[in-house]
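Novice: need a structure here:
(one chain, ligands or ions: 1)
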Amino acid sequence: MNSPTTLGLFRRQLDKGFRSLRFTPTLEVAFVNDHQRRRLAFTRTGMLLAAVFYTAFIIINVSFGDGAIWTPIAIFRGCAILSVLLMMHVISIVPESWRDGLIISFYIAFALVLTTIDIQVAKSGGVQHYEGMIFAIFHCCLFSGLLLRPCISVIAAMVSTYVGISLLFELPGDRLGFQALFLVLAAMMGAVGVYLTEHRERDNFLRRQMMSIGANFDELTGLASRAAFDRYLRQYLRQAALHDSEMEALILVDIDHFKQLNDTRGHDTGDKCLRLIADMLGSTINGDPEAVARWGGDELIAVMPVDSAVQLEAELNDLRDQINHLHMSNPGAPRGILTVSIGALLIQPAQRMEEKLLFRQTDAALYAAKEGGRDQVVIRHAEASWNIQTLPGRRSA
Ligand SMILES: Nc1nc2c(ncn2[C@@H]2O[C@H](COP(=O)(O)OP(=O)(O)OP(=O)(O)O)[C@@H](O)[C@H]2O)c(=O)[nH]1
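Specialist: Numbers count the residues shown, from 1 in each chain. So this is what the prediction gives:
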């Protein structure tokens, strides 16, 4: 999902908006997965808070009420605390795909037990309380971590459970109507809260993804950024050193007389050429997205496994030929067409060297290609004893 081509998808979705709380199918799947991953800690905290609230209710009731501990309501609250704590544990160990179903069943079961106990109290002459239900509805909206649609279904099921069971036990209609009205209002308030929270979460998700892609990929060419390539190369060489049967090549590609191309045909054409060459290099390397990067300006860099120097030379000359055969005009260049110079460094199996030294030697190969007349490939073998030097006219890596 995290690739330069998806940057446009995220941007378009952000521009288009998502008032109905739905992204395009690809982004929707990514968002739901991200939401599932992130919300576990949040839901667990919500469950813990519920347990703390219920404990506080018991303490307040016992301290400021009649002092009786073994009342039905206190026993119910004790059971609620235990089931909430159990649920906290269970949602952490079940597979992610089960989590929503479990949370939904938990709230509906909770509403069922809450209503049944309330009715028992009312039938034995007490007053049927609906405050517990309001608490449960708000708790579901604030802490369940459910997205709006499943959340609305759950709170609708909770209110229906309350009204349905109350009707079944023929509780006084006027009182029930009054309580149902309050429950519906609480559910509506909760749903608005969930809508606003989910909208903000979706917005954050799009922006976060875009920032992450922006930090890792170059916007113009769609190739990896220099920083992403640095990280990738370090990891890549470490792994390559483990399988010491394969040679690796570090490749620098630089457009010849690019300044003249910009000056004579304009920056937009320059950009187009850069993108084209980036695509062609990407196809030649055909590896991970981070294996080809924009090194800076008109220089592109890549790393790839190779069987032999002959194979590498053939592949790079093939790339150079393909660019020649585009016959794109570069009026400022001596031959009048777009060409590139390529410098490559062959790294022997298990040859360990500082990346800085590898970059400098690759740069030296590119410099030799430029000095040799441009539009050519120069391949060098990596040398651990290579004398660190800054070549005249080239920047140091
Ligand atoms: N269109 C475009 N030009 C860029 C971009 N980044 C850097 N450049 C230009 O690339 C040119 C690089 O020129 P130089 O590296 O000096 O050399 P060159 O003209 O390519 O000549 P040689 O490399 O010596 O063959 C400069 O004119 C930069 O302005 C970019 O993103 N788009």
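
Novice: Residue 214 is in contact with residue 228, correct?
Specialist: No. Counting by CB atoms under 8 Å, residue 228 sits too far from residue 214 to count as a contact (10.8 Å). (Each C-beta comes from the backbone N, C-alpha and C, glycine too.)

Novice: who's more crowded, these two?
Specialist: Ranked by neighbour count (other CB atoms under 10 Å), residue 228 and residue 214 place residue 228 first, with 17 against 14.

Novice: Assign a three-state SS to residue 23, would you?
Specialist: coil (DSSP: H, G, I helix; E, B strand; the rest coil).

Novice: tell me which element the residue in the stretch 201-350 of the chain that the ligand sits nearest to falls in.
Specialist: Here the stretch 201-350 of the chain gets closest to the ligand at one residue, residue 270, 2.7 Å apart by CB to the nearest ligand atom. Using DSSP states H and E, residue 270 maps to helix 267-285.

Novice: what comes up buried for that helix?
Specialist: The neighbour-count check on helix 267-285 (16 or more other CB atoms under 10 Å) flags 269-270, 273-274, 277-278, 280-282, 284-285 as buried.

Novice: So of those, which two are at opposite extremes in space?
Specialist: Farthest apart among the buried residues of helix 267-285 by CB to CB are 269 and 285. That separation is 24.7 Å.

Novice: Please tell me I have it right and residue 295 contacts residue 251.
Specialist: No. Taking CB under 8 Å as the definition, residue 295 is not a contact partner of residue 251, at 10.4 Å.

Novice: out of these two, which sits in the more crowded spot?
Specialist: residue 251 (27 against 21).

Novice: sec struct for the more buried one, please.
Specialist: Looking at residue 251 with three-state DSSP, the answer is strand.

Novice: Provide a list of residues in contact with it.
Specialist: Applying CB atoms under 8 Å, 6 or more residues apart in numbering, one finds that residue 251 lies in contact with 285, 301-304, 316, 342-345, 362.

Novice: For the residue in the stretch 51-200 of the chain positioned nearest to the ligand, give me phi and psi.
Specialist: Nearest residue of the stretch 51-200 of the chain to the ligand (CB to the nearest ligand atom) works out as residue 200 at 35.2 Å. The phi and psi values for residue 200, taken as degrees, to the nearest 10, are phi -70, psi -40.

Novice: all helices for this protein, in order.
Specialist: Per DSSP state H, the chain carries helices over the ranges 4-16, 25-64, 72-93, 96-123, 131-143, 148-168, 173-216, 226-242, 258-265, 267-285, 309-324, 355-371.

Novice: For the nearest residue to residue 253 once chain neighbours are set aside, name its beta-bridge partners.
Specialist: Of all residues not flanking residue 253 in the chain, residue 300 sits nearest, at 4.6 Å (CB to CB, 6 or more residues apart in numbering). Note on residue 300: beta-bridge partners by DSSP bridges are residue 253, residue 294.

Novice: shift numbering so it begins at 15
Specialist: That works, and once the first residue is 15, the last one we named lands at residue 314.

Novice: ok, residue 314 - how many residues close by?
Specialist: 28.

Novice: Please apply the same query to the one 10 residues further on.
Specialist: By the other CB under 10 Å criterion, the neighbourhood of residue 324 contains 10 residues.

Novice: is it possible to export the helices of the chain to TSV including distance to residue 349?
Specialist: Output for the helices of the chain, formatted as TSV (distance: least, CB to CB, whole Å):
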stretch	distance to residue 349
helix 18-30	32
helix 39-78	44
helix 86-107	66
helix 110-137	59
helix 145-157	69
helix 162-182	62
helix 187-230	36
helix 240-256	30
helix 272-279	12
helix 281-299	15
helix 323-338	9
helix 369-385	15
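
Novice: where does this structure come near the ligand, residue by residue?
Specialist: 234, 268-273, 276, 281, 284-285, 288, 311-312, 384, 388 (CB under 6 Å from any ligand atom).

Novice: Surely residue 167 and residue 117 touch.
Specialist: No. The criterion here is CB under 8 Å, and residue 167 misses it with residue 117 at 11.7 Å.

Novice: neighbours around the residue of the stretch 65-214 of the chain closest to the ligand, how many?
Specialist: Neighbour count of residue 214, defined by other CB under 10 Å: 10.

Novice: Local confidence estimate at it?
Specialist: With respect to pLDDT, residue 214 has a value of 96.

Novice: cool, and residue 374?
Specialist: pLDDT at residue 374 comes out at 93.
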